[in-house]
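# kindly generate the corresponding structure for this input.
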Amino acid sequence: MAAPRRRTAILLALAIVIALVALTLLAARLVRPDAGRAPSAERGGTPRALVATLRTEPATFNRYSGLAYPTLLVTYLTQAGLVRVNRLTDQLEPWLAEGWDASADGLRYDIRLREGLRFSDGAPFTAADVEFSLAAVYDPRTASPFADTLRVNGKPLIVEVRSPSTLTIRFPAPYGPGLRLLDGLPIYPKHRLGKFLEDGTLAKAWGPTTPVGEIVGLGPFRLERYEPGERLTFGRHPYYWRRDENGQPLPRLDRFTLEIVPDQNAELLRLQAGQTDLMQSDIRAEDYAPLKRAADKGRIRLLDVGASLDTHVLWFNLTPSASHGGRGWWVKDDFRRAISHAVDRQRLAETIYLGAAKPAWGMVGPVNRTWHSESVPRAAFDRAEAKKLLTKAGLTDRDGDGVLQDASGAPVRFTILVQKGVTEAEKGAAFLRDELAKVGIGVDVAALELSAVIGRWQKSDYDAMFHYMMMTDTDPAGNMDWWLSSGSSHMWNPGQARPATDWEARIDDLMRRQVASTDLSERRRLFTEVQTIFADHSPALVFAVPHVYVATSTRVTGITPVVQRPQILWNPEALSIR
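Down below sits the predicted model:
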């Protein structure tokens, strides 16, 4: 009888051990953000991989110093912020922040972070990373474009870390949109970038030669391989915290590849041939018909998203160091007003966009229902009025040859820089050249690579640019770097120590007042006045707003397209394939 009792005791002990192990594993699944994540083989065998195209490779992976679209796209894939504006609903959502409590005066936000989150290298995310990120943006050595957008009344936000998972953000003055201010700011890892902030070189960190293992984030993917001129390959963030509505770990894809394809025709052919799943460039008007035929045959999917919030913009170099010492004829308001009257916007929409666009005036179009105002003046197509304004600006056709001269007798001629290979930019600038020739203005069009265009702008080495302009938020408070004269994205004359003109000083005052108000109707009234002043002085001109179409392969699922760029990859974790 003794032997059976010993066997029973041994079996009971084994059962207890097994139960304890099972409970330990279950607890780990509940605590760890990545717990229970199945490897790709358990997620259906073949890894779920999607291939997209990108026209230009990123000049940097550092969003704190990189303005260009490729850097923004990599940020959407690999990084995350405290909050996020849902591009589909335009509503603010908690993201890395689990929630917050705001004071009655709107000056203090007590923020609770999601616990257990980790960067893609496994390091824990804490409130210290938030404190570091804001310090990095505000450091003048970083020269970050975020520094302008994250100031209220010209002053920075104040961060107080209370524990690893709680912090307080104090606003220096009332701010109507509240924490919406933080949308778009990626929270970067202090443990990786702190040393660069200390020695003042953060602006150069995460450049194109940085080993990909050094680039970590809190977004759904991590950069695993970069082959310059060819592709960027991303793998799943192994500790990503979000799950779908069924409790399954996100992202749904195992791998995401961005193929560098500079030529737009080649992009289109790859999509139609099934070699890629989606494009990052906008669909050209001339491509709609062949894509529609392919969609009707079931070879691709073509989606009509609606009128764009963004478009190509013409602006002139109004900096003091510009050609003519900043005293050229293009710095005169009447010259820029004349250009606005000289261009047939309806014909431009029909010619360049083949009708898939509408004439437009100003930086805020009707699709932005909250902030667009129909009361803002519009320059009618009127060549006679354009010629009157040019004469008023001191530009006349002295010898009757149809070409205007300035007071010194020099011909009125300038160069427009555009991004090479972007059909909308190249054809649009050529259209402007032909329109302005009809009122005696000579225009040359120079197509350069994107890096060269940005470089020339940063050095103020240009006459004018016709370039795609993407506002980062529908709320004007989110684009203070564009509207304020001190802003780094005040394209025609950025970073002014003091307003160069009275009208820019007036816009500065109105913008600061409207962001400080918590009354939406008052904010709208003030911003309508801003748009009116902008229309009167015309430092940047808009001619048409295109319709947005999105094309993908039929195997892509989880698409929620929006009119803002990136139309699909604003929500990359939801994408999957059949």
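# for this structure, which spans come out with low pLDDT?
Residue ranges of the chain with pLDDT under 70: 1-45, 322-327.
# mind giving me the domain split of it?
The chain breaks down into these domains under automatic domain parsing: 81-190, 311-546.
# list just the one of those that sits closest to Glu57.
domain 311-546 (9.3 Å; CB to CB). Where C-beta positions appear, they are placed from N, C-alpha and C, glycine not excepted.
# got the end-to-end distance for that closest one?
Counting by CA to CA, to the nearest Å, the length from the leading to the trailing residue of domain 311-546 is 7 Å.
# run the chain-centre distance for that domain.
20 Å (CA atoms, centre = their mean, to the nearest Å).
# identify the residues contacting the lengthiest strand in the chain?
Longest strand in the chain by number of residues (criterion: DSSP state E): strand 544-553. Residues lying outside strand 544-553 but in contact with it, judged by CB atoms under 8 Å, 6 or more residues apart in numbering, are 271, 274, 276-279, 282-283, 285, 288, 291, 295, 300-308, 311, 345, 348-349, 352-353, 356-360, 365, 367, 424, 559, 561, 563, 567-568.
# circling back to that earlier point, Leu73: which of the domains of the chain is closest?
For the domains of the chain, proximity to Leu73 was assessed by CB to CB; domain 311-546 is nearest, at 11.4 Å.
# ok so, going back, in a markdown table, list the domains of the chain along with mean neighbour count and distance to Ala59.
Supplementary listing: those in a markdown table, determined by neighbours: other CB atoms under 10 Å; distance: least, CB to CB, whole Å:
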| stretch | mean neighbour count | distance to Ala59 |
| --- | --- | --- |
| domain 81-190 | 18 | 14 |
| domain 311-546 | 18 | 6 |
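# out of those, flag the one nearest Thr257.
domain 81-190 (17.2 Å).
# can you check the distance spanned by the closest one, start to finish?
Across domain 81-190, the straight-line distance between its terminal residues is 14 Å, by CA to CA.
# same deal with stretch 195-202?
Counting by CA to CA, the length from the leading to the trailing residue of stretch 195-202 is 8 Å.
# contact partners of it?
Contacts with stretch 195-202, where a contact means CB under 8 Å, 6+ apart, come from Asn62, Tyr64, Ser65, Phe132, Ala135, Ala136, Asp139, Arg141, Thr142, Leu193, Lys204, Ala205.
# relative to the whole chain's centre, how far out is that stretch?
The mean C-alpha position of stretch 195-202 is separated from the chain mean by 25 Å, CA atoms, centre = their mean.
# do stretch 251-268 as well
18 Å.
# hey, C-alpha coordinates of that stretch in PDB?
Backbone C-alpha positions of stretch 251-268 (Å, rounded to 0.1, in the frame of the first residue of the first chain) are rendered in PDB as follows:
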ATOM      1  CA  PRO A 251      -0.100  45.600 -36.200                       C
ATOM      2  CA  ARG A 252      -1.700  43.000 -38.500                       C
ATOM      3  CA  LEU A 253       1.200  43.000 -40.900                       C
ATOM      4  CA  ASP A 254       4.500  41.200 -40.200                       C
ATOM      5  CA  ARG A 255       6.500  43.200 -42.700                       C
ATOM      6  CA  PHE A 256       6.100  46.500 -44.500                       C
ATOM      7  CA  THR A 257       8.400  47.600 -47.300                       C
ATOM      8  CA  LEU A 258       8.800  51.000 -48.900                       C
ATOM      9  CA  GLU A 259      10.300  50.700 -52.400                       C
ATOM     10  CA  ILE A 260      12.000  53.900 -53.600                       C
ATOM     11  CA  VAL A 261      10.600  54.600 -57.100                       C
ATOM     12  CA  PRO A 262      11.400  58.100 -58.200                       C
ATOM     13  CA  ASP A 263       9.400  58.000 -61.400                       C
ATOM     14  CA  GLN A 264       5.700  58.300 -61.100                       C
ATOM     15  CA  ASN A 265       5.000  56.300 -64.300                       C
ATOM     16  CA  ALA A 266       7.000  53.400 -62.900                       C
ATOM     17  CA  GLU A 267       5.000  53.600 -59.700                       C
ATOM     18  CA  LEU A 268       1.800  53.300 -61.700                       C
END
